[in-house]
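1. Coordinates for the following, if possible.
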Amino acid sequence: MVENRPFLNILTHLVLIAGVLVVAFPVYVAFIASTHESSAFVRGVLPLLPGDNMWASYKQMLGSGWQVGGTPPVWLMLGNSLIMALTIAIGKISISILSAFAIVYFRFRFRMLAFWIIFITLMLPVEVRIIPTYAVVADLGMLNSYAGLTLPLIASATATFLFRQFFMTVPEELMEASRVDGAGPMKFFKDILLPVSITNIAALFVIMFIYGWVQYLWPLLVTTDEDFYTIVLGIKRLMASSDRVPAWNLIMATVTLAMLPPVLVVLFMQKMFVKGLTETEK
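-> Reported below is the predicted structural model:
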């Protein structure tokens, strides 16, 4: 039993408050910077109170973008990032849960070899195999396309491993009961495994969505058309100003807008996300 000590309670709350301030202060600074004109940062003094240029900054980035920096409207880049993140998250979960189901519940030759081959691919992230992957995508004519953005990132050894470990904890009595009722493998998967895996799916969806949302290197290689720019790539183009002073108010407005979708996903799925990471019994 944990002893209730007022001093420890105060100390833990102070540590939590300090952690929140450390995390939240850069977000606050980014929002404040988006409400001022770009000339406010030339003086080298960072304002800490909101300015009167917020509407103009957000209207410009959402409406027409910043043509001087070669950046399309933010709504287009947000849409591209949303398509990419959703496709990667749903694709990773779909492929991983089916492959884990096959490895755990089907008896076939080289079953464990197949699992270990999948598991070894953890040591081959996109950055390691990026040149041959780019060559394949280019040869297939998938540059500047949603397929080229998402398909090379759609498999996940991590999710396969996690689903396999979870399926191995499901009581065998459930499978035997479904056989007695005349249920086939896919009916057992749909009616029993999927419902008890919802929290795990939710937790992995949040992780994979954020993984897809923050991708930078791969979209940088496979997209040269502004119609397929992601939001992270757009922020980089806004900052790449070798011959001009960066428009920090527009950059920070874009950064603030880029934070909203992943934050909303985490907030809406917070309970299921926590349960999926902490629940050990179904």
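2. Could you use CA atoms for every contact and neighbour count after this?
-> Fine.
3. and residue 7, what element?
-> Here residue 7 sits within helix 6-34, counting by DSSP states H and E.
4. In space, what's closest to residue 231 - neighbours in sequence excluded?
-> Distances taken as C-alpha to C-alpha, 6 or more residues apart in numbering place residue 77 nearest to residue 231, at 4.8 Å, with adjacent residues excluded.
5. For that neighbour, what is the enclosing helix or strand?
-> helix 74-105.
6. Quick one: distance of that helix to the chain centre.
-> Mean C-alpha position of helix 74-105 versus that of the full chain (C-alpha atoms, centre = their mean, to the nearest Å) differs by 10 Å.
7. after it, next one along is what?
-> Following helix 74-105 toward the C-terminus (DSSP H and E): helix 111-120.
8. how about that next one: buried residues?
-> Residues of helix 111-120 classed as buried: 115, 118, 119 (neighbour count, 16 or more other C-alpha atoms under 10 Å).
9. Tell me the spacing between the first one and residue 109.
-> With distances taken as C-alpha to C-alpha, to the nearest Å, residue 115 is found 12 Å from residue 109.
10. can you give me the helices in the stretch 101-250 of the chain?
-> Along the stretch 101-250 of the chain, the segments classed as helices by DSSP state H, counting those that start in this stretch run 111-120, 130-139, 146-150, 157-167, 172-180, 185-188, 194-196, 198-213, 217-222, 231-239, 248-268.
11. Run through the neighbouring helices and strands of the helix or strand in which residue 272 is found.
-> Using DSSP H and E, residue 272 falls within helix 270-278. Contacts defined by 3 or more C-alpha pairs under 8 Å, 6 or more residues apart in numbering; DSSP states H and E place helix 270-278 against helix 198-213.
12. quick one, the helix it packs on and helix 248-268 angle?
-> Helix 198-213 and helix 248-268 are oriented at 170 degrees to each other (axes from the mean of the first three to the mean of the last three C-alpha atoms, to 10 degrees).
13. I'd like to know how many residues surround residue 127.
-> Residue 127 has 10 neighbouring residues, counting by other C-alpha atoms under 10 Å.
14. Could I get the buried residues of helix 111-120 in TSV, plus columns for pLDDT?
-> Formatted as TSV, the buried residues of helix 111-120 follow (pLDDT from 0 to 100):
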residue	pLDDT
115	85
118	84
119	82
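15. closest to residue 151 among the residues you listed?
-> Nearest to residue 151 out of these is residue 118 (C-alpha to C-alpha; 16.7 Å).
16. right, and that closest one touches residue 157 too?
-> Yes: using C-alpha atoms under 8 Å, residue 118 makes contact with residue 157 at a distance of 5.7 Å.
17. Residue 41 and residue 248, how far apart?
-> From residue 41 across to residue 248, the span is 7 Å (C-alpha to C-alpha).
18. Now do the same contact list for the residue nearest to residue 231.
-> Residue 77 sits next to 227, 228, 229, 230, 231, 234 when contact means C-alpha atoms under 8 Å, 6 or more residues apart in numbering.
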